[in-house]
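Asks: Sequence first, then the predicted structure, then my questions.
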Amino acid sequence: MQSKSSNIMGAFLTMFGAACWGISGCTGQYLFTRQGMDAFWLAPIRLFLAGVLLCGYFLIRNPKLLFAPWHGRRNIIDLLIYGIAGVSGCQMLYFTTIQLAGAGMATILQNISPVFILMVVCWQARRMPRGFEVGSVILALVGLFFLTTHGSLDGLAVSPEALVTGLCCAVCVVIYTVWPRNLQQQFPTPVLQGWAFLVGGILFSLLCRPWESGYVPNAMGWLGIAVVVIIGNVVAFCCFMQGVKMVGAQKASLYSFAEPVTAAVISTLGLGSAFTFWDALGFGCIFLMLVLLAKPEHPSARAPKPAEART
């Protein structure tokens, strides 16, 4: 049984980490719209630099701890899946969606992830969704309809490409939220984050080859990169994942709504992005979805832990 103080701290960490993502997403939007950067240039560099910072820190402080996650076949597989398909894949798709549709839309599409987490939970427990869970899925679909169509059946308010990358980003959120339980039981979150960033940064740098673009940032560009690396990667992921460890994936999904709220406020007031009545309805539906999914479960109905389900 977790203490009240532990739950409060976990809630704070997940909300703070999510708000840092919102700040980082808006910074990314600024870099794309005002500095001429490209998502396939920024994301690999962001991942690599964040990985170097965290791994470099532990290399100096505790080299044995740094390399410990690479011992054991299962740990290696878990770390690669967590780092590439989870954390790094999410970052690549998130920034691509920001470039296509703006930070507010990217973060709210990403927050459809609890629906996918619900599917995983039901599959692990070998049960059908309960009534309130079905209601949460309906709310998510209605919210997604309002956000992507603005209430009109004549066409999409966002590009199909942004819709696809945003929903795929949500799948990656599921992976990095649910998958690493086995690793988190053994190693500190910052160590896992460091390797996730570094491995993903190297892989996506080789795929995207940002050095071939010829783009050179100015002073504001470098400042923006520092914000997305330090606040958006190192601080946000470490705080959020530590919070997930303390309060669980489903409650963390509710608290993570701080991200789209932060992104919507900053992008609307600071970057001049449009925020319509339909966007507000969509936000409201998805927030209600998160509230429903955060309801406490009866102990007999809980799903097995992700790590236990894969043994």
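Replies: Cool, the structure landed.
Asks: going forward, measure contacts and count neighbours with C-alpha atoms only.
Replies: OK.
Asks: Need the pLDDT of L147.
Replies: The predicted local distance difference test score for L147 is 79.
Asks: Residue ranges in this protein under the pLDDT threshold?
Replies: 1-3, 153-155, 249-250, 253, 294-311 (pLDDT under 70).
Asks: What segments of it are strands?
Replies: Applying DSSP state E to the chain gives no strands.
Asks: which helix in this structure runs the most residues?
Replies: Of all the elements of type helix in the chain, the one with the most residues (DSSP state H) is helix 4-34.
Asks: neighbours of the closest residue to F40 other than its chain neighbours, just the number please.
Replies: Nearest-residue entry for F40: C208, 6.0 Å, with adjacent residues in sequence omitted and distances by C-alpha to C-alpha, 6 or more residues apart in numbering. Look at C208: counted by other C-alpha atoms under 10 Å, it has 15 neighbours.
Asks: and C208, how far is that from G166?
Replies: 19 Å (C-alpha to C-alpha, to the nearest Å).
Asks: who's in contact with the residue nearest to F40?
Replies: Under the criterion of C-alpha atoms under 8 Å, 6 or more residues apart in numbering, the neighbours of C208 are 40-41, 44.
Asks: cool, and V142?
Replies: With contacts defined as C-alpha under 8 Å, 6+ apart, V142 is in contact with 282, 285.
Asks: which residues touch stretch 78-98?
Replies: Among residues not part of stretch 78-98, those counted as contacts by C-alpha under 8 Å, 6+ apart are 25, 28-29, 39-40, 43-44, 47, 69-70, 103-107, 110, 162-163, 165-166, 168-170, 172-176, 179-180, 183, 192-193, 195-197, 199-201.
Asks: What distance separates the opening and closing residues of it?
Replies: Across stretch 78-98, first to last residue, C-alpha to C-alpha, it's 28 Å.
Asks: repeat for stretch 207-221
Replies: The first residue of stretch 207-221 is 23 Å away from its last residue (C-alpha to C-alpha).
Asks: show me where the stretch 151-300 of the chain has helices.
Replies: Using DSSP state H, counting those that start in this stretch, the helices assigned to the stretch 151-300 of the chain run over residues 160-178, 181-184, 189-208, 219-226, 236-247, 249-255, 258-269, 277-293.
Asks: wait, which of those helices is closest to G143?
Replies: helix 277-293 (3.8 Å; C-alpha to C-alpha).
Asks: buried set for the closest one?
Replies: The neighbour-count criterion (16 or more other C-alpha atoms under 10 Å) identifies 278-279, 281-283, 285-293 as the buried residues of helix 277-293.
Asks: Which elements pack onto it?
Replies: For helix 277-293, the contact count by 3 or more C-alpha pairs under 8 Å, 6 or more residues apart in numbering; DSSP states H and E identifies helix 113-125, helix 131-149, helix 249-255 as packing neighbours.
Asks: Distance to A264 for those helices - can I get that in TSV?
Replies: Supplementary listing: those in TSV, determined by distance: least, C-alpha to C-alpha, whole Å:
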stretch	distance to A264
helix 113-125	18
helix 131-149	13
helix 249-255	16
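Asks: For F16, find the nearest of those helices.
Replies: Nearest to F16 among the helices and strands packed on helix 277-293 is helix 249-255; the distance by C-alpha to C-alpha comes to 9.0 Å.
Asks: chain center to stretch 139-154: distance?
Replies: Its chain's average C-alpha position is 22 Å from that of stretch 139-154, according to C-alpha atoms, centre = their mean, to the nearest Å.
Asks: Can you dump the C-alpha atoms of stretch 48-57 in CSV for me?
Replies: Extracted C-alpha coordinates of stretch 48-57, given in CSV (Å, rounded to 0.1, in the frame of the first residue of the first chain):
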residue,chain,number,x,y,z
PHE,A,48,21.5,12.1,-28.7
LEU,A,49,22.4,15.2,-26.7
ALA,A,50,20.0,14.2,-23.9
GLY,A,51,21.5,10.7,-23.9
VAL,A,52,25.0,12.0,-23.7
LEU,A,53,24.1,14.3,-20.8
LEU,A,54,22.5,11.6,-18.7
CYS,A,55,24.9,8.8,-19.5
GLY,A,56,27.9,11.1,-19.1
TYR,A,57,26.7,12.0,-15.6
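Asks: which residues are in contact with it?
Replies: Stretch 48-57 is contacted from outside by 66, 190-191, 193-202, 229-230, 233-234, using C-alpha under 8 Å, 6+ apart.
Asks: Can you name the residues that contact the closest residue to S273 other than its chain neighbours?
Replies: In space, S273 comes closest to S267 once its chain neighbours are excluded; the distance is 5.5 Å by C-alpha to C-alpha, 6+ apart. In this structure, S267 makes contact with 26, 102-104, 273, judged by C-alpha under 8 Å, 6+ apart.
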